[in-house]
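Visitor: model the following, please.
(2 chains)
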Amino acid sequence: MNPYIANTDEQVHEMLKTIGVSSLDDLFVDIKEEHRPKSFNLPAGKSEQEVVQYIHGLAAKNKKELIIFVGGGYYDHYVPAAVDALISRGEFYTAYTPYQPECAQGTLQALYEFQSAICTLTEMEVANASLYDGGTALYEAMLMAIRITGRKKIIMDGGVSPIYRTILKTYTSNLEIEFQETPVVHGQSDRQQIFKILDEDTAAVILQNPNFFGAIDDHSDVIQKAHQLGTLVVESVYPISLGLLKTPGEMEADIVTGEGQSLGLSLNFGGPYLGFMATRKDFIRKMPGRIVGQTVDRHGRRCFVNTLQAREQHIRREKATSNICTNVSLCAVQALVFMTLLGKQGLKELAQLNLNKTEFARQTLEKIKGVQVKRSSPTFNEFTLYLSKNANDVVEAMMKKGFAAGFPLGRYYPGMENYLLVAVTEKRTREEIIEYAKSLEEVLWN
Amino acid sequence: MEIIEHYLYTKEHEWVNIEDNIATMGITDYAQSALGDITYIEFPDLNSEVEQFEQFVSVESIKAASDIYAPLSGRVIAVNENLESDPEIINKSCYHKGWIAKIEISDPEEKSNLLTPEEYRKFLESMEDKET
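Guide: Residues are numbered from 1 along each chain as shown, chains lettered A, B, ... in the order given. Just a heads-up that it's a prediction; the model follows:
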């Protein structure tokens, strides 16, 4: 008997007999012989023990003990033990899409609270129950702006993550959307250029704060100008930074999205992550994704339901706001637990800690000969270094010294081959930062 | 199903009441009953130009979201703002208080593309035949 298939030969035979066929091959008679694969080219099966050994061998190839100074949209924050403990409860861990509110109140309440937490953090009026990740959330926000305005032109700030910009262009490569990119000048969005091309055909200006280079900006002036022309502003934000920074709600942004990985999710090799989206109440019917609402049952008791579902594809079909009819519930609950554990004051302190450690790192690193810290803009927990050597080579050499040293900007920005993007979270100790500086100096000068 | 005798109709279950060059339109009793409790109306912009049988409104109910088509070409001169806070008026009074929009019509000849009450009644009956 195969260890991975629970049915015995006898049971298989019995099942085939019940449906009136004599062999498994008979189930495929409708597929012509020539269309069937000649071989699956699969190696022989392995025992459980062999599989475990093989997988452990693969895992051991990863460098797991590197001290992480890489950010670029995904950050090495501390995840309190309570986060995993709580989301591992079966009620959350195995919950199915809450189509039946009468037997999904726990899931629905948690998602409702997640939405409320996102609204509080961004100072926006409404949020959905989450999208797949920060990049796809930004893409959905762009389409939403196009739906609301009926316009097709998009102005995209060069400070928006190049990973997100690639996602946006890939998703829309067969749609008639006119993209115009504006450069980053001294770390800030180029107002002059944006205002020059901003017009009554512009659906949205897409911005990011802090931007990909780590620089902080107050986009209120861009937003105000955009609104005068009926253009919306989509702002992608880093949630941890909102503990300190001016919120997109305060800047009067129209649609806010972001990557929620930093809110209690581990760096899972790229996912599953967590996209969030918030907007003004006026635009709620144009917002994609699931929304959980609070209501009362027939006895007048507080309860929760999926609401405004006529926007979604299981009801609106081809005219739905999006093909996204689901969300990443478990990741959203994870973020909710994280935000709840820290609370308002905790998030503020966490942001401050990131800022302080980053400032210490900047001051330590700029003392090294061959390192220039870019200081044209204020930053949050990430900043740009100009090195006397190629950043890719430096990263490779730093790896040997036990550091994931940063994100080489030349990968996305031609001409920036000597620039390295460095992130410092609350997890980095003073000793680690000093050790990093020492190693960097050695790499540059030996 | 109630049908008003001096209104005209479309196969998409819209009604239209033409007075001079102003066409008041809404959805029929059949449509409101098929949709169920109506939760939201998405209106066109005021003064926008619409073509006959072009989608210009959408109606959401607890069961479905449906496109509503302009029965005649022209300019949208009014929408029923009462429906914004209380869209269920359509379920209660689809032919009167539940009107959706008023169109200043640009081509009276287009009336010939619409169904008379008698034709609409027959159309509903033929639909029932198909269903059974």
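
Visitor: every contact and neighbour count from this point should use C-alpha atoms.
Guide: OK.

Visitor: send the alpha carbons of the helix ranked longest in chain B over as PDB?
Guide: The longest helix of chain B (DSSP state H) is helix B:117-131. Only the C-alpha atoms of helix B:117-131 are listed here, as PDB (Å, rounded to 0.1, in the frame of the first residue of the first chain):
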ATOM      1  CA  PRO B 117     -48.200  48.100 -22.900                       C
ATOM      2  CA  GLU B 118     -49.800  45.300 -24.900                       C
ATOM      3  CA  GLU B 119     -46.600  44.300 -26.600                       C
ATOM      4  CA  TYR B 120     -44.800  44.300 -23.200                       C
ATOM      5  CA  ARG B 121     -47.500  42.200 -21.700                       C
ATOM      6  CA  LYS B 122     -47.100  39.700 -24.500                       C
ATOM      7  CA  PHE B 123     -43.300  39.800 -24.100                       C
ATOM      8  CA  LEU B 124     -43.700  38.900 -20.400                       C
ATOM      9  CA  GLU B 125     -46.000  36.000 -21.300                       C
ATOM     10  CA  SER B 126     -43.600  34.700 -23.900                       C
ATOM     11  CA  MET B 127     -40.900  34.700 -21.200                       C
ATOM     12  CA  GLU B 128     -43.000  32.800 -18.900                       C
ATOM     13  CA  ASP B 129     -43.700  30.200 -21.600                       C
ATOM     14  CA  LYS B 130     -40.000  29.800 -22.100                       C
ATOM     15  CA  GLU B 131     -39.400  29.300 -18.400                       C
END
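
Visitor: any idea of the mean pLDDT in it?
Guide: Helix B:117-131 shows a mean pLDDT of 88.

Visitor: in the chain, which helix or strand is least confident?
Guide: Went with chain A since none was named. The weakest-scoring helix or strand in chain A, judged by mean pLDDT, DSSP states H and E, is helix A:313-316 (a mean of 76).

Visitor: off-centre distance for that one?
Guide: Relative to its chain's centre, helix A:313-316 lies at 26 Å (CA atoms, centre = their mean, to the nearest Å).

Visitor: now do residue 68, the pLDDT please.
Guide: Going with chain A. So A:Ile68 comes in at 97 (pLDDT).

Visitor: um, chain B though
Guide: Listed pLDDT for B:Ile68 reads 95.

Visitor: and it, which of the three is it?
Guide: State at B:Ile68, reduced to three classes by DSSP: H, G, I helix; E, B strand; the rest coil: strand.

Visitor: quick one: contacts for it?
Guide: Counting by CA atoms under 8 Å, 6 or more residues apart in numbering or on different chains, B:Ile68 makes contact with B:Glu12, B:Glu14, B:Gln55, B:Phe56, B:Val57, B:Ser58, B:Val59.

Visitor: just the closest of the residues you listed to chain A, please.
Guide: Closest to chain A out of the contacts of B:Ile68 is B:Val59 (9.4 Å), distances taken as CA to the nearest CA.

Visitor: which of the residues in the lengthiest helix in chain A are buried?
Guide: In terms of residue count, the longest helix belonging to chain A (DSSP H) is helix A:329-365. Judged by neighbour count using 16 or more other CA atoms under 10 Å in any protein chain shown, the buried positions of helix A:329-365 are A:329-340, A:347-348, A:350-359, A:361-362, A:365.

Visitor: now stretch A:16-27, how far from the centre of its chain.
Guide: For stretch A:16-27, the separation from the chain centroid amounts to 47 Å (computed by CA atoms, centre = their mean).

Visitor: give me the contact list for it.
Guide: Here stretch A:16-27 makes contact (CA under 8 Å, 6+ apart) with A:His13.

Visitor: give the rounded mean pLDDT of that stretch.
Guide: Averaging pLDDT along stretch A:16-27 yields 93.

Visitor: quote the end-to-end distance of that stretch.
Guide: End-to-end distance for stretch A:16-27, by CA to CA, to the nearest Å: 9 Å.

Visitor: who's in contact with A:Val237?
Guide: Shown in contact with A:Val237 (CA under 8 Å, 6+ apart): A:Gln208, A:Asn209, A:Pro210, A:Pro248, A:Val256, A:Thr257, A:Gly258, A:Glu259.

Visitor: please repeat the previous calculation with a cut-off of 7 Å.
Guide: Contact analysis of A:Val237 by CA atoms under 7 Å, 6 or more residues apart in numbering or on different chains lists A:Gln208, A:Asn209, A:Pro210, A:Thr257, A:Gly258.

Visitor: what's the answer for A:Asn418, then?
Guide: Neighbouring residues of A:Asn418 by CA under 7 Å, 6+ apart: A:Tyr386, A:Leu387, A:Ser388, A:Lys389, A:Asn390, A:Ala391.

Visitor: cutoff 10 Å now
Guide: Applying CA atoms under 10 Å, 6 or more residues apart in numbering or on different chains to A:Asn418 gives the contacts A:385-394, A:408-410.

Visitor: if we can go back for a sec, out of the contacts of B:Ile68, who's near chain A?
Guide: The overlap between the contacts of B:Ile68 and the neighbours of chain A (CA under 10 Å from any CA of the partner chain) comes to B:Val59.

Visitor: one step back: give the ChimeraX command for selecting the buried subset of the contacts of A:Val237.
Guide: Typed into ChimeraX, the line below selects the buried ones among the contacts of A:Val237, using 16+ other CA under 10 Å:
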select /A:208,209,210,257,258
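
Visitor: need the helices for the chain, in chain order.
Guide: No chain in the question, so chain A it is. A:9-19, A:48-60, A:81-87, A:90-93, A:105-122, A:134-149, A:162-171, A:191-197, A:220-228, A:248-251, A:313-316, A:329-365, A:391-400, A:430-445.

Visitor: chain B, not that one
Guide: So, for chain B - with DSSP H - the helices run B:29-35, B:82-85, B:89-92, B:117-131.

Visitor: not counting the longest one itself, show me its contacts.
Guide: With contacts defined as CA under 10 Å, 6+ apart, helix B:117-131 is touched by B:1-11, B:13, B:15, B:30, B:114-116.

Visitor: ok, and for that helix, which residues are buried?
Guide: Residues of helix B:117-131 classed as buried: B:Pro117, B:Tyr120, B:Arg121, B:Leu124 (neighbour count, 16+ other CA under 10 Å).
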